[in-house]
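[1] Next input, structure requested:
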Amino acid sequence: MNGRMYDAKLGRFLSPNNFVQDPYNTQNFNRYGYVLNNPLMYSDPSGEFVWAAVIIGAIINMTVAAIQGKSFGQVMLAGVIGAVTGMIAGGIGNLVAGGAFFSNAAMGVVGFAAGATVGAATGLAGGFTSGMLNTFANGGNFSDAITAGIKAGISGAFIGAAVGGITGGIRARKMDLGFWEMQGLM
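    Residues are numbered from 1 along each chain as shown. Reported below is the predicted structural model:
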């Protein structure tokens, strides 16, 4: 339970949860209502539900496939590819940030350099995976898939570094630290 203290007599957690897993569920805004205030039924060992990257990856890839006019089956396949890509990219970002694959360590990096490092790794992993799997799904061979993966990985790394760096810098400023200060990497 990620170090959260639970008092069985009170029936609640004594330490706050700093993450809002689902903004559409009002119970998640109760910082003391960890795992929907039901620790006997639910478990969240990392402190964060990890499915956000999987869902976002699926939605993005399905949207792109639908815009391209793909068939329903191809859009569904794109969703699976996007989900796998999101899981791998998010996991690699968490590993680079010093956490476990299924954690939220990437969300804790602070400063431009730390954010850029995690963003570049996430973008590289996501771009490479997406480029390869989408090429295979469209009938490409192994050589084409590797080439597409490398190209998408390189552009993903640059975009991820820029977005991650700016996000990390903004997070540092919100914590009254310097934009360029680095925290959260091993």
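
[2] after the lowest-mean-pLDDT helix or strand in the chain comes which helix or strand?
    Ranked by mean pLDDT, DSSP states H and E, the helix or strand of the chain with the weakest confidence is strand 12-13, at a mean of 61. For strand 12-13, the succeeding helix or strand toward the C-terminus, using DSSP states H and E, is helix 51-67.

[3] Buried ones in that following helix, by neighbour count?
    Residues of helix 51-67 classed as buried: Ala53, Val54, Ile56, Gly57, Ala58, Ile60, Asn61, Met62, Ala65 (neighbour count, 16 or more other Cβ atoms under 10 Å). Every C-beta, even on glycine, is put in place using the N, C-alpha and C of the backbone.

[4] Kindly report the same for stretch 126-139.
    Gly126, Gly127, Phe128, Thr129, Ser130, Gly131, Met132, Leu133, Asn134, Thr135, Phe136, Ala137.

[5] Where does pLDDT dip in the protein?
    Residue ranges of the chain with pLDDT under 70: 1-8, 10-50, 104, 183-186.

[6] Domains in it, by residue range?
    Domain ranges of the chain: 1-47, 51-174, per automatic domain parsing.

[7] Need the ones you listed in a markdown table (columns: distance to Glu181).
    Listed next are these as a markdown table, based on distance: least, Cβ to Cβ, whole Å:
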| stretch | distance to Glu181 |
| --- | --- |
| domain 1-47 | 20 |
| domain 51-174 | 4 |
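
[8] Which one of those lies nearest to Trp180?
    domain 51-174 (5.2 Å; Cβ to Cβ).

[9] dump the residue contacts of the residue nearest to Arg173 when sequence neighbours are not counted.
    When the adjacent residues along the chain are set aside, Arg173 lies closest to Phe179, with 5.6 Å between them (Cβ to Cβ, 6 or more residues apart in numbering). Contact analysis of Phe179 by Cβ atoms under 8 Å, 6 or more residues apart in numbering lists Gly111, Phe112, Gly169, Ile170, Ala172, Arg173.

[10] Just the residues you listed: which are in helices?
    Among the contacts of Phe179, the members found in helices (DSSP state H) are Phe112, Gly169, Ile170, Ala172, Arg173.

[11] What is the burial count for the third one?
    Residues contacting Ile170 under the criterion other Cβ atoms under 10 Å number 14.

[12] now swap in the second one and tell me
    When neighbours are counted by other Cβ under 10 Å, Gly169 registers 22.

[13] Look up how far Ile59 lies from it.
    With distances taken as Cβ to Cβ, to the nearest Å, Gly169 is found 27 Å from Ile59.

[14] Check which residues of the host helix or strand of Ala145 are buried.
    Ala145 belongs to helix 142-174 when assigned by DSSP H and E. Of all the residues in helix 142-174, those buried under the rule 16+ other Cβ under 10 Å are 145, 148-149, 152-153, 156-157, 159-161, 163-165, 167-169, 171-172.
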